[in-house]
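Enquirer: Predicted structure and sequence below. I'll ask about it afterward.
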Amino acid sequence: MAKIGIFYGSTEGNTERVVGQIQEALGGEDVAALHNVNSSSAEEMEQYDYLMLACSTWDIGVLQEDWDTFVDELEDVDFEGKTVTYLGLGDADGYPDTFVDGPGLIHERIADSGAKFVGFWPTDGYDFEESKAIIDDKFLGLVIDEDNQADQTEERVATWVAQLKEEGFGA
């Protein structure tokens, strides 16, 4: 079984495409397994010691629809001893006041769960006003803006995955 569980929701395919790139950069499906939250369960999440929670933000700070349905499942997951990171997708130009709020909304549910959080990402290089996905002046995890900065996605994924590996994520 893969060591890392990547749980994502994807409406238009952007998040699914990016988690596929991350899966490959981590070492493929033998290392990281993809789980669309529209057909996942807390029991599946329980199987992994390393979790990546990938969510885009819709409208004005709303969870992606599959995550909106799944987020209550997190209450049934024992995060004690697990290592968690986030991937957030958003549109900084269209929604600068709620940029990548999705991971922040998920984090609010599990912040005190006993999990260890890794993969914090700098806010430099993004033009936005506010985000619920920031702690101590860094994003909770990798942030991708496919609407305005798609040309930076590949490099950001490679840099972040190298950072995760240095932090022992999946080791």
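Expert: Ah, there it is.
Enquirer: What is the least confident helix or strand in the chain?
Expert: The element with the least model confidence among the helices and strands of the chain, by mean pLDDT, DSSP states H and E, is strand 62-63, at a mean of 86.
Enquirer: so how far is it off the chain centroid?
Expert: 13 Å (C-alpha atoms, centre = their mean, to the nearest Å).
Enquirer: what's in contact with that strand?
Expert: 9, 55, 57, 68, 71, 101-102, 105-106 (C-beta atoms under 8 Å, 6 or more residues apart in numbering). In short, each C-beta sits where N, CA and C put it, glycine included.
Enquirer: Tell me which entries of the residues you listed lie within strands.
Expert: Judged by DSSP state E, strands contain the following of the contacts of strand 62-63: 55, 57.
Enquirer: now the strands for the protein?
Expert: Under DSSP E, the chain gives strands at 4-8, 32-36, 50-58, 62-63, 83-89, 116-117, 121-122, 134-135, 138-139, 142-144.
Enquirer: which one of those strands has the lowest average pLDDT?
Expert: For the strands of the chain, the bottom mean pLDDT is recorded on strand 62-63, which sits at a mean of 86.
Enquirer: Work out the sheet partners of that one and label each with its direction, please.
Expert: strand 50-58 (antiparallel) (DSSP bridges).
Enquirer: Convert the partner strand to CSV, retaining C-alpha atoms only.
Expert: Output of strand 50-58 as CSV, limited to C-alpha atoms (Å, rounded to 0.1, in the frame of the first residue of the first chain):
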residue,chain,number,x,y,z
TYR,A,50,0.8,10.8,5.7
LEU,A,51,-2.1,12.8,4.3
MET,A,52,-2.4,15.5,1.7
LEU,A,53,-5.7,17.4,1.7
ALA,A,54,-6.2,19.2,-1.7
CYS,A,55,-9.0,21.6,-2.1
SER,A,56,-9.9,24.5,-4.4
THR,A,57,-11.9,27.5,-3.2
TRP,A,58,-15.1,28.5,-5.0
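Enquirer: chain center to it: distance?
Expert: Worked out by C-alpha atoms, centre = their mean, strand 50-58 lies 3 Å from the chain centre.
Enquirer: angle of it against strand 32-36?
Expert: For strand 50-58 against strand 32-36, the angle by axes from the mean of the first three to the mean of the last three C-alpha atoms, to 10 degrees is 40 degrees.
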